[in-house]
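K.L.:
pasted the sequence and its predicted model underneath.
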Amino acid sequence: MKSNAKSATGFFAAVWRVVAQIPFGRVASYGQIASMLGNPRAARTVGWALHSLPEGTDVPWHRVINARGRISMDCGEHSPELQRLLLLQEGVMFDDKGYINLQLFQWRPEIDDSFPAAY
DNA sequence: ACAATGACATAAG
DNA sequence: GCTTATGCCATTG
C-alpha cells in the first residue's frame, strides 16, 4: 500500500490538521507543529507527514518551513521554488538569502489574525 | 520486533 | 554563515 492518508495513524492526521489551521500569509516550523502535538522532537515525523500528503489535500504544506525561516532541503520530487512562489502569493516575503522574517510571518496561535504585511 | 528511512533540530567545527 | 555529525520520533518494509 502506498503511504496514503488511511495508512497514517493519528499523528499524521494531527499534523495535517494543525497545518490546515495556519492562517493565510503565515508560516510555521516543523518543530513548532511537533510541539503542538506534544512531541517537540518529532519535527522529522512532521516533515514526513507532509511528504505523505495526499494529492488532493487542502493542507497548505507550503506554509511549513524549517526553524531558520527557510525552505527545507529540496528533495528531487519536492520543488522549493514552488513553495517559495506559493508563499509569495500569500504575501510572505523572502530576503536576498531566501530567508523569511519569522518575527513577522511565523504563525502564533495567540495572535492568529492580523495580516503580517500590515505591520 | 528490528533495521532503515526522512520536506527536521541542535551542536560543533 | 555554512557544512558535518548526532539525536529524536513516527512510519514503513
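P.N.:
Okay, I see it.
K.L.:
chain center to the helix or strand hosting residue A:12, what's the gap?
P.N.:
Element membership for residue A:12 (DSSP states H and E) is helix A:10-20. On the basis of CA atoms, centre = their mean, to the nearest Å, helix A:10-20 sits 11 Å off its chain's mean C-alpha point.
K.L.:
and it, which residues are buried?
P.N.:
Neighbour-count burial for helix A:10-20 flags A:11-12, A:14-16, A:18-19 (criterion: 16 or more other CB atoms under 10 Å). Quick note: C-beta positions are derived from backbone N, CA and C, even for glycine.
K.L.:
ok, now stretch A:58-75?
P.N.:
Buried positions in stretch A:58-75, judged by neighbour count with 16+ other CB under 10 Å: A:59-65, A:69-72.
K.L.:
can you verify my assumption that residue A:71 contacts residue A:65?
P.N.:
Yes: using CB atoms under 8 Å, residue A:71 makes contact with residue A:65 at a distance of 5.8 Å.
K.L.:
is stretch A:56-65 positioned near DNA strand B?
P.N.:
Yes: Stretch A:56-65 lies within reach of DNA strand B by CB under 7 Å from any atom of the strand, at A:61-62, A:64.
K.L.:
please tell me how far the residue nearest the centre of chain A sits from residue A:87.
P.N.:
Geometric centre of chain A, nearest residue: residue A:64, 1.3 Å, by CA atoms, centre = their mean. From residue A:64 over to residue A:87 the distance is 10 Å, taken as CB to CB, to the nearest Å.
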